[in-house]
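**Q** A structural model of the following input is requested.
(4 chains)
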2 protein chains.
Amino acid sequence: MDKISGNALRGHLDAMVLATLAQGEGHGFEIMQRLGSAGRGALELKEGTLYPVLYRLEAAKLIVGKWETGATERRGPRRRIYKLARNGRRDLKRRQEQWRHFTQIIGGIVEAPA
Amino acid sequence: MDKISGNALRGHLDAMVLATLAQGEGHGFEIMQRLGSAGRGALELKEGTLYPVLYRLEAAKLIVGKWETGATERRGPRRRIYKLARNGRRDLKRRQEQWRHFTQIIGGIVEAPA
DNA sequence: ACATACTATTTAGCGTTGCTAAGTAGCTGT
DNA sequence: ACAGCTACTTAGCAACGCTAAATAGTATGT
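**A** So this is what the prediction gives:
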């Protein structure tokens, strides 16, 4: 199967990132990798795609990010750890319902027997 | 449930229109209505959304349109009847497979149990 | 010292495409 | 005349995922 990308992802990426963070906090690069493996080869998000999503979600207060320091710190470039905010968890639930609704409606149309 | 619109539809509208025409040829306005009723209140496509899709699909030779004349004609404004082209039927099949793939992958991520 | 490679983040600019909003036009009913 | 429905057209907008390149820290190899 070919890659899922471009327009097909529009409007669903936010939910994907929120859902990923619902499994546990993580930094951008890591989220990218988690999505990559969850995508079973069908997803190939690049940095230029993912990071702007994180900035958007943080600006909307759905996730909170902070630079790794002290205890957790390790060597290498600085990392920004993101986790779901209260609003984010609520929002995720809403988006999950919308997802089911979306697939049901659109699926019913696209897969209608000829 | 709220309306499905905007970005969520991106990349799926073409498949929806092809699938609609797979049920039988029809003109733009009619396709809009068929989608509306298939959408069970969740879809509210406007002309400015649908017609450009038809032009795009026709330019891509996935559908063929011709102005209604003679036998089929009736009173009122002229109507352009579209039907699936051979390529279109092939393309629809491909898009249906992609849709299943898409929902499986993205659904697996969005709906992952916390 | 220099190159390569991997982790990690940032950002400018682009292209697709669905939406807004308005217009044209023919027909019917009041 | 006017409203209202069918039917099509189109200019311009805005969101957002993608391309591509830059910056920076660490590790390894020559």
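**Q** any residue of stretch A:62-77 touching chain B?
**A** No: judged by C-beta under 8 Å from any C-beta of the partner chain, stretch A:62-77 stays clear of chain B, getting no closer than 14.5 Å. The way it works is simple: take the backbone N, C-alpha and C, and place the C-beta from them, glycine included.
**Q** and that stretch, what's buried?
**A** A:62-65 (16 or more other C-beta atoms under 10 Å in any protein chain shown).
**Q** distance between that stretch and the chain's centre?
**A** 19 Å (C-alpha atoms, centre = their mean, to the nearest Å).
**Q** up against DNA strand C, what does chain A have?
**A** A:7, A:27-30, A:47-48, A:51-52, A:54-55, A:76-80 (C-beta under 7 Å from any atom of the strand).
**Q** the residue nearest the centre of chain A in helix, strand or coil?
**A** Centroid check for chain A by C-alpha atoms, centre = their mean gives residue A:17 as the closest residue, at 1.2 Å. Secondary structure assignment for residue A:17 (DSSP: H, G, I helix; E, B strand; the rest coil): helix.
**Q** for residue A:104, same thing?
**A** helix.
**Q** ok, and of the residues of chain A next to DNA strand C, which contact DNA strand D?
**A** Okay, of those touching DNA strand D (C-beta under 7 Å from any atom of the strand), that's A:7, A:47-48, A:52, A:76-77.
**Q** what's the local residue count around the residue nearest to residue A:68 when sequence neighbours are not counted?
**A** The shortest distance from residue A:68 to any non-neighbouring residue, by C-beta to C-beta, 6 or more residues apart in numbering or on different chains, is to residue A:79 (4.8 Å). Residue A:79 sits with 17 neighbouring residues when counted by other C-beta atoms under 10 Å in any protein chain shown.
**Q** check contacts around residue A:79.
**A** Residue A:79 sits next to A:27-29, A:67-68 when contact means C-beta atoms under 8 Å, 6 or more residues apart in numbering or on different chains.
**Q** same deal with residue A:27?
**A** Residue A:27 neighbours (C-beta under 8 Å, 6+ apart): A:68, A:79-82.
**Q** same thing with residue A:22?
**A** With C-beta under 8 Å, 6+ apart, residue A:22 has these contacts: A:84, A:89, A:92, B:112, B:114.
**Q** check which helix or strand the closest residue to the first one other than its chain neighbours maps to.
**A** Nearest in space to residue A:84, with sequence neighbours left out and distances taken as C-beta to C-beta, 6+ apart, is residue A:21 at 4.9 Å. Applying DSSP states H and E as the criterion places residue A:21 in helix A:13-22.
**Q** the strands in chain A, which residues?
**A** Under the criterion DSSP state E, strands of chain A are mapped to A:26-27, A:63-67, A:80-84.
**Q** as JSON lines, those with mean pLDDT would be great.
**A** Compiled in JSON lines, those are given as follows (pLDDT from 0 to 100):
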{"stretch": "strand A:26-27", "mean pLDDT": "97"}
{"stretch": "strand A:63-67", "mean pLDDT": "97"}
{"stretch": "strand A:80-84", "mean pLDDT": "97"}
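**Q** in chain A, what residue is nearest DNA strand D?
**A** Here the residue of chain A nearest DNA strand D is residue A:48; by C-beta to the nearest atom of the strand that distance is 2.2 Å.
**Q** okay, now that residue: neighbour count?
**A** Neighbour tally, residue A:48, other C-beta under 10 Å: 7.
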